[in-house]
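Visitor: The sequence isn't on hand, but the structure is:
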């Protein structure tokens, strides 16, 4: 028999449970229903990816010349490779934001909406350093998302991701912001994104999808996960909306992104260094290297200085400095606060353009012309000596412009790439390049080797019938 006390106790427990649930967990159904139509699935196809095998380069020099030809594969295998990711619509006329790595090297990009409409997308511009890309589909009256202010996000806030993990369309997951301003170098060891860290379940296929706050605003673009298994372990990283909006605006306007450059090599300050340099605590970015003639050099910054503020922003760790400098437009003059020999000094520095950025990455919607770029549709130039040193290359030609629809664009080349080999000939100068291009056969797949962000890559290139 149930007593009144038992009934009262059960009712009290139910009330407490409901109250805790109401206070602890947000209601997300409205946010997801409202924003899902603006989230898209992106499918890409790279027609001819070249797979190579053989001895790693670091061991090739130990092999006698007479035997090296035996270790080369008889032919390069080419196969189409399909991949997928996510994205979101930012304008009613069809501009779509996603990650650069989702569309990098793709010959075909297709965007699918929640109502199953499919569109072929044009890549307007990409930015490897921030891992962002801007696409365009031909449509009107599309659903869109709203940008939010990522600078106001605090650790512990609830956030929601929508995307297509493992191809499971329009999946939603929720979690909290775990940390702000995470410094994670990319494959080229560059660090220009202060990532938002969350514990939201992000998996392959979520890349390029939006991260929402509880107001339904996009405050981040899901980009990376930390994993040992290939799946989510509760460490995911999103590109802040404040940075993404600037990158997207530049890609839309000119197809490239201009970033600030200081010209210093930096490291963190530990406790012992802080004591030795007259700092109250470990803070700032210690200048360990200084490039001659760089903006920092011209401003009077010296090796051994500890930069504590840049353009009014506090530099707590060395990784903070690239985040701040990279978002400053080249040519801007900004204040710098630093510690030198235990004393605070104030300077001003005119920020330069990050090497390679002034040429940018040519937008794919530049009109193709028959008199630009020659047979490959590439405008090239010799590599400045300073850029050779920074990129760690000895020879080659710098791609300054890529003409859409021609051989270079179809091979996936971009402005800023450095071509080192065409066919089976090494390219050291523009003169070499021009001679080799003249004799390349039409209608045949040929190997091309180039550097992008300091990494060597082999692909194939094919010149259509002249």
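Guide: Nice, I can see it. This is a predicted model, so every value here is computed, not measured.
Visitor: For residue 135, give me the backbone phi and psi.
Guide: Per-residue torsions, residue 135: phi -110, psi 170 (degrees, to the nearest 10).
Visitor: What of residue 166?
Guide: Per-residue torsions, residue 166: phi 50, psi 30 (degrees, to the nearest 10).
Visitor: Run through the residues that contact the closest residue to it other than its chain neighbours.
Guide: Nearest non-adjacent residue to residue 166, counting by C-beta to C-beta, 6 or more residues apart in numbering: residue 205, 5.2 Å away. Any C-beta I mention is one placed from the backbone N, CA and C, and that applies to glycine too. Contacts for residue 205 (C-beta atoms under 8 Å, 6 or more residues apart in numbering) come out as 84, 85, 86, 163, 164, 165, 166, 167, 168.
Visitor: The third one contacts residue 211, doesn't it?
Guide: No: with contact defined as C-beta atoms under 8 Å, residue 86 does not count as touching residue 211 (10.9 Å).
Visitor: so where's the stretch 101-250 of the chain uncertain?
Guide: Scanning the stretch 101-250 of the chain for pLDDT under 70 picks out the ranges 186-189.
Visitor: Kindly recompute the last result at 80.
Guide: By pLDDT under 80, the low-scoring segments of the stretch 101-250 of the chain are 185-191, 227-231.
Visitor: Tell me which stretches of it form strands.
Guide: 108-112, 118-120, 122-127, 132-136, 146-147, 158-163, 171-183, 194-198, 210-212, 217-225, 236-240 (DSSP state E, counting those that start in this stretch).
Visitor: can you list the residues that contact the fifth one?
Guide: Okay, so that is strand 146-147. Contact with strand 146-147 is made by 90, 216, 217, 218, 241, 245, as judged by C-beta under 8 Å, 6+ apart.
Visitor: before we move on, the earlier item: who wins for neighbours among the contacts of residue 205?
Guide: Counting neighbours by other C-beta atoms under 10 Å, the top entry in the contacts of residue 205 is residue 163, with 29 neighbours.
Visitor: That residue: what's it in contact with?
Guide: By C-beta under 8 Å, 6+ apart, the residues touching residue 163 are 39, 85-86, 170-171, 202, 205-210, 222.
Visitor: How far does stretch 436-449 stretch from one end to the other?
Guide: The first residue of stretch 436-449 is 14 Å away from its last residue (C-alpha to C-alpha, to the nearest Å).
Visitor: Show the average pLDDT along that stretch.
Guide: Mean pLDDT, taken over the full extent of stretch 436-449, equals 87.
Visitor: still on that earlier bit, spatially, which two of the contacts of residue 205 are the most separated?
Guide: The span of the contacts of residue 205, defined through C-beta to C-beta, is set by 85 and 168 at 12.9 Å.
Visitor: want to throw the contacts of strand 146-147 into JSON lines with neighbour count and distance to residue 135?
Guide: Shown next, in JSON lines, are the contacts of strand 146-147 (neighbours: other C-beta atoms under 10 Å; distance: C-beta to C-beta, whole Å):
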{"residue": "90", "neighbour count": "22", "distance to residue 135": "10"}
{"residue": "216", "neighbour count": "16", "distance to residue 135": "22"}
{"residue": "217", "neighbour count": "18", "distance to residue 135": "21"}
{"residue": "218", "neighbour count": "25", "distance to residue 135": "16"}
{"residue": "241", "neighbour count": "26", "distance to residue 135": "18"}
{"residue": "245", "neighbour count": "17", "distance to residue 135": "16"}
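Visitor: And those residues, which is closest to residue 375?
Guide: Residue 375 lies nearest to residue 90 out of the contacts of strand 146-147, by C-beta to C-beta, at 37.1 Å.
Visitor: mind checking how far the closest one is from residue 316?
Guide: Distance, residue 90 to residue 316, using C-beta to C-beta, to the nearest Å: 32 Å.
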